Structure formats: C-alpha cells, structure tokens
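Visitor: okay, predicted coordinates and the sequence, questions at the end:
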Amino acid sequence: MPPVLRLASDSSFATHIPELIRTARSVRVRAYAPYSNIQVGSAILLADGSISSGVNVEAADLDGIHAEEAAIATYFAGDRSRLQEAVMIVAVGAMVGTRKNEAPVVPPCDKCRKMIYELVKKKKGDIDVLLTHPDSEQPMLCSIRELLPSSFPL
C-alpha cells in the first residue's frame, strides 16, 4: 500500500517547515556527487527546535554516505546530555543541471528509511518525512511507518 500523503500545513510542526526546506536546499549544493550527479540535502527537526543537516557524499565504489545518514550521524554526534527527540526529517534532491520545476521528488531510499526508523524506536510515536523537490512550494508529508511498513522489529 502506498504511503498516505498529507499537506505539510497539516503537521503540528508546520511553522518549522520553511526553515527545514531552506536548510536542506542550502546544504544540498555542497553535496559531493561526481558519479550520480544527484545532490541531496537533508534536515532533521529536533524537539527543541534545532536542526541537524547533512549531504550525500559519493565514493568511487558507489557506497558513499546518504544525506539522511549524514544528518542522523550529526544528530547523534551532538551533546548526548542534550539530545532531543527527532520529530521530522526532510530531504531535498535533484540532479545537477536539472531545470527549475523538473526535478522529481527524491524520497529516502530503503537504507535511509531503516535508519530513520531507528529514531522512531526511541519514542512511541512516529516521525514525519517531508517529501519535496528543490523548487516545490507544496511539500507533502507522510510518516516513516508509512514509508517502511511491516518493518522488522529489533
């Protein structure tokens, strides 16, 4: 069953969405993607309102670091005594040279979906995933549980 997409304005964190998108878009251009030419930026909203961000970094063997992984690693590298609960994640990606409004939405891959789900295990709720492309003014939301249904319990 496909995920249920909701308007981003329906989120209880809607006031943070423009800043999350700006953050993901601004760091995206710093991605290192010489093989795929797809630059992805990611931002995670924490419960205290702070944002953790990351970009994809490719390697010649194509086993690099994904933007969501980088943002999550930055989140965990923070001050563990002040570690806040993650409440929303956004990833914005596009191929280098893609013309305005032609970039497809780049949802988190399976590996990143599993990593995002790890954040959910720490709480009883869920994490919203914001789906958008670099030029969209109409982002959509779905939950990580919808993106990764019937996940293996660890």
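Guide: Thanks, I have it. Numbers count the residues shown, from 1 in each chain.

Visitor: buried residues of the helix or strand where V27 lies, list them for me.
Guide: Under the criterion of DSSP states H and E, V27 resides in helix 17-28. Neighbour counts over helix 17-28 (16 or more other Cβ atoms under 10 Å) mark I17, L20, I21, T23, A24, R25, V27, R28 as buried. The C-beta positions use only the backbone N, C-alpha and C, and glycine is treated the same way.

Visitor: using a markdown table, lay out those residues together with pLDDT and distance to C112.
Guide: Converted to a markdown table, the buried residues of helix 17-28 look like this (pLDDT from 0 to 100; distance: Cβ to Cβ, whole Å):
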| residue | pLDDT | distance to C112 |
| --- | --- | --- |
| I17 | 83 | 19 |
| L20 | 86 | 16 |
| I21 | 85 | 18 |
| T23 | 91 | 17 |
| A24 | 87 | 13 |
| R25 | 86 | 18 |
| V27 | 91 | 16 |
| R28 | 88 | 15 |
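
Visitor: circling back to that earlier point, packing partners for the helix holding V27?
Guide: Judged by 3 or more Cβ pairs under 8 Å, 6 or more residues apart in numbering; DSSP states H and E, helix 17-28 is in contact with strand 38-46, strand 51-55, strand 86-95, strand 128-131.

Visitor: between those strands, which gets the lowest average pLDDT?
Guide: Ranked by mean pLDDT, the helices and strands packed on helix 17-28 bottom out at strand 86-95, which scores a mean of 72.

Visitor: is it true that R30 lies in a helix?
Guide: No. Counting by DSSP: H, G, I helix; E, B strand; the rest coil, R30 falls outside a helix, being coil.

Visitor: what are the phi and psi angles of it?
Guide: When read as degrees, to the nearest 10, the backbone of R30 gives phi -90, psi 0.

Visitor: for I51, see how far away it is.
Guide: 15 Å (Cβ to Cβ, to the nearest Å).

Visitor: more neighbours: which of the two?
Guide: The neighbour comparison of R30 against I51 (other Cβ atoms under 10 Å) goes to I51, with 19 against 13.

Visitor: the more buried one and A14, how far apart?
Guide: With the distance defined as Cβ to Cβ, I51 ends up 15 Å from A14.

Visitor: likewise M95?
Guide: Distance from M95 to A14, by Cβ to Cβ: 29 Å.

Visitor: quick revisit: tell me which of the helices and strands packed on helix 17-28 lies nearest to L148.
Guide: strand 128-131 (9.6 Å; Cβ to Cβ).

Visitor: appreciated, that's everything.
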